[in-house]
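Enquirer: What shape does this take:
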Amino acid sequence: MKAVSLRSRLLALIVLVLAAVLLPLGILSAMRTLEEVDELSDGRLAQAARTLEVLVGRIGVEQLREQRAIPALVPSYSNHPQEVTVQGRTYESEVGFQVFDSDGSLLLATENLSGVPRTHAPDGQFEDISSGRYKWRVFTLIMENKGITIRAGERYDSRHEITHALWIEHGLPTLLGLPLLAVLVGWAIRRGLRPLESLADALAHREPGSRAPIHLDDAPAELSPVLAALNDQIGRLESALERERRFSADVAHELRTPLASTMINLESAMVSARPDEAQLALEAARECLVSLARRTEQLLALARLEVGAASGPRGRVDLGELALDVIEELSPVIGAGGVELELRELPEQLWVEGYAVALGALLRNLLENAFRHVPRGGHVALSMSRADDGTAVIEVVDDGPGIPEARRAGMFTRFQRGLDTQGEGYGLGLSIVQRAAELHSATIELLDGERGAGLRVVVRIPRAPIA
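Expert: Now for the predicted structure:
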C-alpha cells in the first residue's frame, strides 16, 4: 500500500474539519432563517386579516349580507401586470382572503381562494388546507360581535420558493467554497512544507563524511530544534564513523607486527631440528602472543573510552580506594620490574563524580607507563590530594628518562613513544589517560620530575560535592 504523504494528510484533515464546521453551521443557519421566514409570513397573514377586519367594518357587514346570493369576488390578477411583476412573474395569485357569515355563507373572497372550503378553526389559529393542486397556509379571525369570519391565506408555492432560495443562498457558497478552500489550503500547505523539502534536498545532496552543519535560510521556529538535533546527530554519527575507521587502522597497524613475529617463531620451531632451538622459538612466539594480548587490551580500552562504552551513569568514586585496587592489580608488574612504588599521600574519601572504569584506566595507565619507562631499581611515587580550587590532584612521579618539553604536547597522540623508552609500551597509555580525563573535564600536565630528572604527571579532576 502506497504511503500517504504528509501534505495529503494535512489537506484531507483540514478540509474535513472545515466541512465538519461549515456544513452544520450552514444547515443550522438555513433552518433558523426558514423559521424566521415562516414566522414573518404568518405574521403577514395575521396582519392582512386584521386589516381586512377594519375594511369590512367600514364597508358594513349588512351591505355584504345583502349580496350573499352573489358573493363579491376580488380578481386575483391585475390588469396592469407590469406594476406587480417581480422578475417576470406576478405574486398576486399566491395570496388571498375569504369573508364568511355566521351561517357559513361566503360574503367576500378573492378568486384564487374562493374555492378553498371553510373549516371550523378557532379564532387566531393557523392551519394548512389543501385545495386542488395547491396547499394553503390560512389564518382565521372571528368577529364575534358582527358574526363574521375572516380568513387570509397564502399558497405554499411562495414559501417553497423562499425556502429553495435560502437553501441555495446558504448551501451554494459552502458547496462552491469547500473545493476552492481545498485548493487554497493545498497551496498553503505546499508553501508551508517547503522548508521540509529544502531539508530533504540538503540531506540528499550532502557529501558523505561532511561535518558541515545543515543550514536553511528562513527556517521556521518549529524546525530549528529539528535542525539542531539533526546536526548534533550527524556530528555524533560522523565522529563514531571516524572512530571506527581510526580504530580499524590502529588495529591493522598495531597487530600486524606481533602476528608476523608469532608466525615466524612458530615456523622456526616447526622446522628446527634441535629441541633447544625449537623451545626458544616457542618461548619467543609466546612472548609475541602475550604482547599481542596486551596490545589488544589497550586498543579495546581506548575504543571503549572513545565511544563512551565505559561511561554509563555517573557516580561518586573514591579515588583513594580506587588507587588501592589498581595497585593490587598491578602488583605482579611492580614485583617483576624491580621498581619501588611509594605512596606519598593517599587521603580517605577523596570523592569525584564520574565513571569508575574510566578513572581506573587512567590510574592504571599512568602507573604502567611509569613502571615501563623506569629502569630496574628505579622509583615511582603516587600521591593524591585536595586542592584549594575544588579539584582532586593525582601526581605520578618517576625517575626515568623523562620526556623533552618540546615533545610533551605530541605524547598524547596514539602510538607516540618516548625516544629513550626502556619498556615495551605501544604509545597508547597517555591516549587512554587523555580520553579518560576528557570524560571528567580534567586537565593533564607533563612536567619535569624531581631534581630535574624523570617525569611528573599531574591530573586535576573536579571533586564531587559533599553528600
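
Enquirer: From now on I want contacts and neighbour counts done on CA atoms only, so please keep to that.
Expert: Fine.

Enquirer: before we move on, which element is Glu154 in?
Expert: Counting by DSSP states H and E, the element that carries Glu154 is strand 148-155.

Enquirer: For that strand, name the packing helices and strands.
Expert: Applying 3 or more Cα pairs under 8 Å, 6 or more residues apart in numbering; DSSP states H and E, one finds that strand 148-155 makes contact with helix 6-59, strand 95-101, strand 134-143.

Enquirer: Tell me which other helices or strands the next helix or strand after it touches.
Expert: As assigned by DSSP H and E, the chain's next helix or strand after strand 148-155 is helix 156-192. When contacts are defined as 3+ Cα pairs under 8 Å, 6+ apart, helix 156-192 sits against helix 6-59, strand 134-143.

Enquirer: nearest to Asp232, of these?
Expert: Closest to Asp232 of the helices and strands packed on helix 156-192, according to Cα to Cα: helix 6-59, at 25.0 Å.

Enquirer: quick revisit: can you redo the helices and strands packed on helix 156-192 as a markdown table with mean pLDDT and distance to Gly124?
Expert: Shown next, in a markdown table, are those (pLDDT from 0 to 100; distance: least, Cα to Cα, whole Å):
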| stretch | mean pLDDT | distance to Gly124 |
| --- | --- | --- |
| helix 6-59 | 81 | 8 |
| strand 134-143 | 88 | 5 |
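
Enquirer: between these, which gets nearest to Gly454?
Expert: The closest of those to Gly454 is helix 6-59. By Cα to Cα, the value is 67.4 Å.

Enquirer: buried set for the following helix or strand past that closest one?
Expert: Heading C-terminal from helix 6-59, the first helix or strand you meet, by DSSP H and E, is helix 61-65. By 16 or more other Cα atoms under 10 Å, the buried positions in helix 61-65 come out as Leu64, Arg65.

Enquirer: I'd like the average pLDDT over helix 61-65.
Expert: Averaging pLDDT along helix 61-65 yields 75.

Enquirer: what's next to it, contact-wise?
Expert: For helix 61-65, the surrounding residues in contact (Cα atoms under 8 Å, 6 or more residues apart in numbering) are Asp101, Leu107, Leu108, Lys146.

Enquirer: Repeat the analysis, applying 7 Å as the threshold.
Expert: Here helix 61-65 makes contact (Cα atoms under 7 Å, 6 or more residues apart in numbering) with Leu107.

Enquirer: Only C-alpha atoms, please: export that helix in CSV.
Expert: In CSV, the C-alpha atoms belonging to helix 61-65 read as follows (Å, rounded to 0.1, in the frame of the first residue of the first chain):
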residue,chain,number,x,y,z
VAL,A,61,-71.5,43.9,7.3
GLU,A,62,-75.1,44.4,6.4
GLN,A,63,-74.3,45.6,3.0
LEU,A,64,-72.2,42.4,2.4
ARG,A,65,-75.1,40.2,3.6
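
Enquirer: Okay, buried residues for stretch 204-220 please.
Expert: Of all the residues in stretch 204-220, those buried under the rule 16+ other Cα under 10 Å are Arg211.

Enquirer: how far out from the middle of the chain is that stretch?
Expert: Mean-position distance between stretch 204-220 and its chain equals 20 Å (Cα atoms, centre = their mean, to the nearest Å).

Enquirer: Ends of that stretch, what's the gap?
Expert: End-to-end distance for stretch 204-220, by Cα to Cα, to the nearest Å: 20 Å.

Enquirer: got it, and stretch 379-398?
Expert: OK, stretch 379-398 end separation, Cα to Cα: 6 Å.

Enquirer: packing partners for the helix or strand harbouring Ala229?
Expert: Using DSSP H and E, Ala229 sits within helix 224-271. Counting by 3 or more Cα pairs under 7 Å, 6 or more residues apart in numbering; DSSP states H and E, the packing neighbours recorded for helix 224-271 are helix 275-307.

Enquirer: Burial check on Arg159, number of neighbours?
Expert: 17 (other Cα atoms under 10 Å).

Enquirer: same question, Asp325
Expert: Neighbourhood size, Asp325 [other Cα under 10 Å]: 13.

Enquirer: what's in contact with the helix or strand hosting it?
Expert: Assigned by DSSP H and E, Asp325 belongs to helix 319-329. With Cα under 7 Å, 6+ apart as the test, helix 319-329 has contacts from Leu346, Pro347, Glu348, Gln349, Leu350, Trp351, Gly360, Leu363, Arg364.

Enquirer: tell me which element Glu207 falls in.
Expert: Here Glu207, judged by DSSP H and E, is contained in no helix and no strand.

Enquirer: do Ser198 as well
Expert: Element membership of Ser198 [criterion: DSSP H and E] is helix 194-204.

Enquirer: and that helix, how far from the chain's centre?
Expert: Offset of helix 194-204 from its chain centre (Cα atoms, centre = their mean): 17 Å.

Enquirer: That helix to helix 224-271, inter-axis angle?
Expert: Helix 194-204 and helix 224-271 are oriented at 20 degrees to each other (axes from the mean of the first three to the mean of the last three Cα atoms, to 10 degrees).

Enquirer: Mean confidence (pLDDT) on helix 194-204, please.
Expert: Across helix 194-204, the average pLDDT comes to 79.

Enquirer: Name the residues of that helix that are buried.
Expert: For helix 194-204, by 16+ other Cα under 10 Å, it's Pro195, Leu199.

Enquirer: what angle sits between it and helix 156-192?
Expert: Orientation of helix 194-204 against helix 156-192 (the same axes, to 10 degrees) gives an angle of 30 degrees.

Enquirer: ok, residues contacting helix 194-204?
Expert: Helix 194-204 is contacted from outside by Ala219, using Cα under 7 Å, 6+ apart.

Enquirer: ok so, going back, could you identify the buried members of the contacts of helix 319-329?
Expert: By neighbour count, with 16+ other Cα under 10 Å, these hold Leu346, Leu350, Trp351, Gly360, Leu363, Arg364 as buried.

Enquirer: Let's have those in TSV, adding pLDDT.
Expert: Below are the buried ones among the contacts of helix 319-329 laid out as TSV (pLDDT from 0 to 100):
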residue	pLDDT
Leu346	84
Leu350	89
Trp351	91
Gly360	82
Leu363	88
Arg364	83
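
Enquirer: Present the residues you listed as TSV; the columns should include secondary structure and distance to Asp123.
Expert: Listed next are the buried ones among the contacts of helix 319-329 as TSV, based on DSSP: H, G, I helix; E, B strand; the rest coil; distance: Cα to Cα, whole Å:
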residue	secondary structure	distance to Asp123
Leu346	coil	114
Leu350	coil	106
Trp351	strand	102
Gly360	helix	107
Leu363	helix	111
Arg364	helix	112
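
Enquirer: Ala221: which of the residues you listed is nearest?
Expert: Of all these, Ala221 sits closest to Trp351, with 43.2 Å by Cα to Cα.

Enquirer: Next up, the contacts around the closest residue to the closest one other than its chain neighbours.
Expert: Excluding the flanking residues, the one nearest Trp351 by Cα to Cα, 6 or more residues apart in numbering is Asp318, at 4.6 Å. Applying Cα under 7 Å, 6+ apart to Asp318 gives the contacts Gln349, Leu350, Trp351, Val352.
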